[in-house]
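Participant: Sharing a model prediction with you, sequence too.
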Amino acid sequence: QAKSKAAFGSVGRRIPYRILHVINQDGESLGNMHRADALRLMDQHGLKLVLLRENVEPPVYRLMTGQQIHEEQLKRAEKKKASPKPGMYTKELSFSSAIAKNDLETKTKQIAQWIEKKHHVKVTIRQAK
């Protein structure tokens, strides 16, 4: 049972990089440091190391509280929701308020096809002169 608790406590401790750039919980840079020093700092303050940017040299980690991690996850989820999904298209259709009946029917059928294909449809109606 002691081993399982130790394994749970080491989650987030497996950092593949030797040298890290560490930022504290207030957003201030602590500079580059060895992985062991960063883990010691994490344990002293009761915080967690979170990877911010991996494809820079050295990778950037931030010390965060559980609350800060939760807030960051919520922000990222909101951004992901707001960004358009791949394969999602927005179709736009514009016509005059003096459109003929046959043209209106044709455009209505086109809109129905786009909606069936799960496209977003934006319709603009211009006022006739």
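Facilitator: Structure received.
Participant: Give me the domain ranges for this structure.
Facilitator: 19-82, 90-126 (the TED database).
Participant: Kindly compare burial across those domains and name the winner.
Facilitator: Mean neighbour count, computed with mean count of other Cβ atoms under 10 Å, is highest for domain 19-82 among the domains of the chain, reaching a mean of 13. Yep, even glycine has a C-beta here, placed from its N, CA and C like the rest.
Participant: And that domain, end to end?
Facilitator: 35 Å (Cα to Cα, to the nearest Å).
Participant: per-residue confidence averaged over that domain?
Facilitator: In this model, domain 19-82 has a mean pLDDT of 83.
Participant: Make residue 1 into 13 and carry on from there
Facilitator: Okay, residue one is now 13; in that scheme the one you just asked about reads as domain 31-94.
Participant: gap between it and the chain center?
Facilitator: 16 Å (Cα atoms, centre = their mean, to the nearest Å).
Participant: what do you get for stretch 104-112?
Facilitator: The answer for stretch 104-112 is 38 Å, by Cα atoms, centre = their mean.
Participant: Residues contacting it from elsewhere in the structure, which ones?
Facilitator: 115-116, 119, 122-123, 133-140 (Cβ atoms under 8 Å, 6 or more residues apart in numbering).
Participant: and those residues, which of them are in strands?
Facilitator: V133, K134, V135, T136, I137, R138 (DSSP state E).
Participant: what about Q56, distance to L75?
Facilitator: 10 Å (Cβ to Cβ, to the nearest Å).
Participant: thinking again about what came up before, now distance to R25 too, for the domains of the chain, in TSV please.
Facilitator: Converted to TSV, these look like this (distance: least, Cβ to Cβ, whole Å):
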stretch	distance to R25
domain 31-94	6
domain 102-138	43
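Participant: which residues touch stretch 127-137?
Facilitator: By Cβ under 8 Å, 6+ apart, the residues outside stretch 127-137 that reach it are M100, Y101, T102, K103, E104, L105, S106, F107, S108, S109, I123, W126.
Participant: In three-state terms, label R74 for me.
Facilitator: State at R74, reduced to three classes by DSSP: H, G, I helix; E, B strand; the rest coil: strand.
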